[in-house]
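**Q** generate coordinates for the sequence data below:
(one chain, ligands or ions: 1)
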Amino acid sequence: MSTWYLLGAGNMGLLAAYYLRQAGFAVTVLRHDTASPLRRRLTFADGRPPCDLILPVLSPAALTEPPRHLVVACKAPYSAAALEPVPLTANSQVLRLQNGLGSLDGLLPGGLRPIEVVTTSAVKQDGPAQHQVVAENETWMGGGDVVPDWFEQLSTHWPNLSWPTDFQHRQWHKLVANAVINPLTALHDVPNGRLLEDRELQRQAAELCREADQLLTALDPTWPGDSLPRVMAVASATAGNTSSMRADVRNGARTEIDAINGYLLRRAAAQGLSLPAHERIVAAMTSET
Ligand code: KPL
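**A** Numbering: from 1, shown residues only. Predicted structure coming up:
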């Protein structure tokens, strides 16, 4: 099996690299700003011994042939810049591990479609920048027509990894959770659990869920349309967390609003639908950053 290359060695990229390594695949980080190997200590919430992950680093300009396997785990707004120097071909396999949807549309050659990854696992930085704590949960892959040949080997080392037949619904449930929790917590600078306590946030969450359900039902009449209780369950399970969008705003980084609520607005426009609450929240986030 050829090397897996990684674009975006943030928390989720590192987790994917760790499982790929455990499954016996070689992983190299693509970065142009350093040649030093990347060193990170992963500790696990279940108490298993920590792992010191050391990954080789290569500049995309030094690639001698197009990557056969690539994980794109950079934040969605940086996708175009990250992919630009990577010489992919229509035979490459690209794993997209990002929030939101559609962030690689138009960026891959020859109609290549990424394999999509949705995870509810969490990785948090603990103390020093090189130390990450992993809380493992479920991960789903899908989007391609056939299950890739490496999937079985990877799934024996990546806990709770599956290739479900209802992948699109799972991906949309995650998208809606991100479309509600992320901008509301970012705009109000609150942890996820505040959605369960604040009446005005609850009202806005209900409106955002109702509009998302209206669109997703138009796209797929089998969509269950039960986003509000599901989103509230995610807010409750992650009550003490800082959402990734709140963290981005606090760090002065670009947010994923365009890949999340922006994606919903683009799909709605194509259906002739308007989603005013999502429009308002995108506008508010855009003026915030
Ligand atoms: O995925 C998340 C994020 O912060 O991006 C949620 C589900 C909102 C958990 O914080």
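**Q** quick one: contacts for the one residue in the stretch 51-200 of the chain that gets nearest to the ligand?
**A** Taking Cβ to the nearest ligand atom, the ligand has its nearest neighbour within the stretch 51-200 of the chain at I181, 4.0 Å off. Every residue, glycine included, has its C-beta placed from N, CA and C. I181 sits next to N192, L195, A205, V231, V234, A235, T238, S243 when contact means Cβ atoms under 8 Å, 6 or more residues apart in numbering.
**Q** quick check, nearest of these to the ligand?
**A** Of all these, the ligand sits closest to S243, with 3.5 Å by Cβ to the nearest ligand atom.
**Q** list the contacts of the closest one.
**A** I181, N182, T185, A186, N192.
**Q** at 6 Å instead, please
**A** When the contact criterion is Cβ atoms under 6 Å, 6 or more residues apart in numbering, the partners of S243 are I181, N182, T185, N192.
**Q** what sits against H157?
**A** Counting by Cβ under 6 Å, 6+ apart, H157 touches Y19, Q22, A23.
**Q** P159 touches A135, doesn't it?
**A** No. Counting by Cβ atoms under 6 Å, A135 is not a contact partner of P159; they are 11.2 Å apart.
**Q** show me the contacts of S243 that map onto helices.
**A** I181, N182, T185 (DSSP state H).
**Q** how about the second one: what's its closest non-neighbour residue?
**A** Of all residues not flanking N182 in the chain, M245 sits nearest, at 3.7 Å (Cβ to Cβ, 6 or more residues apart in numbering).
**Q** need phi/psi at the one you found.
**A** M245 adopts backbone torsions of phi -70, psi -40, taken as degrees, to the nearest 10.
**Q** number of residues surrounding it?
**A** Using other Cβ atoms under 10 Å, M245 has 25 other residues around it.
**Q** ok, now W158?
**A** 22.
**Q** still on that earlier bit, of the contacts of H157, which are in range of the ligand?
**A** Among the contacts of H157, proximity to the ligand is found for none (Cβ under 6 Å from any ligand atom).
**Q** I'd like to know which of those residues are buried.
**A** For these, a burial check counting by 16 or more other Cβ atoms under 10 Å picks out Y19, A23.
**Q** any idea how far L95 is from L30?
**A** To L30, L95 is 14 Å away according to Cβ to Cβ, to the nearest Å.
**Q** quick one, strands of the stretch 51-200 of the chain?
**A** For the stretch 51-200 of the chain, the strands defined by DSSP state E, counting those that start in this stretch cover 51-55, 57-58, 69-72, 93-96, 115-119, 122-125, 131-135, 139-142, 161-162.
**Q** residues making contact with the third one?
**A** This points to strand 69-72. Under Cβ under 6 Å, 6+ apart, the answer for strand 69-72 is W4, Y5, L6, L7, A16, Q93, V94, L95, R96.
**Q** what sits against the last one?
**A** Okay, so that is R96. By Cβ under 6 Å, 6+ apart, the contact set of R96 is V72, L104, P114, E116.
**Q** tell me the bridge partners for it.
**A** For R96, the beta-bridge partners are V72, E116 (DSSP bridges).
**Q** still on that earlier bit, R254: which of the contacts of strand 69-72 is nearest?
**A** Of all the contacts of strand 69-72, L7 has the smallest distance to R254: 16.0 Å, by Cβ to Cβ.
**Q** what does the closest one show for phi and psi?
**A** Taking degrees, to the nearest 10 as the convention, L7 sits at phi -110, psi 110.
**Q** cool, the one 4 residues further on as well?
**A** When read as degrees, to the nearest 10, the backbone of N11 gives phi -60, psi -50.
**Q** save the strands of the stretch 51-200 of the chain as TSV, and put in mean pLDDT and distance to A81 too.
**A** TSV is the format used below for the strands of the stretch 51-200 of the chain (pLDDT from 0 to 100; distance: least, Cβ to Cβ, whole Å):
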stretch	mean pLDDT	distance to A81
strand 51-55	94	21
strand 57-58	97	17
strand 69-72	98	12
strand 93-96	97	16
strand 115-119	96	21
strand 122-125	78	23
strand 131-135	80	24
strand 139-142	97	25
strand 161-162	97	29
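**Q** that concludes my questions; thank you for your assistance.
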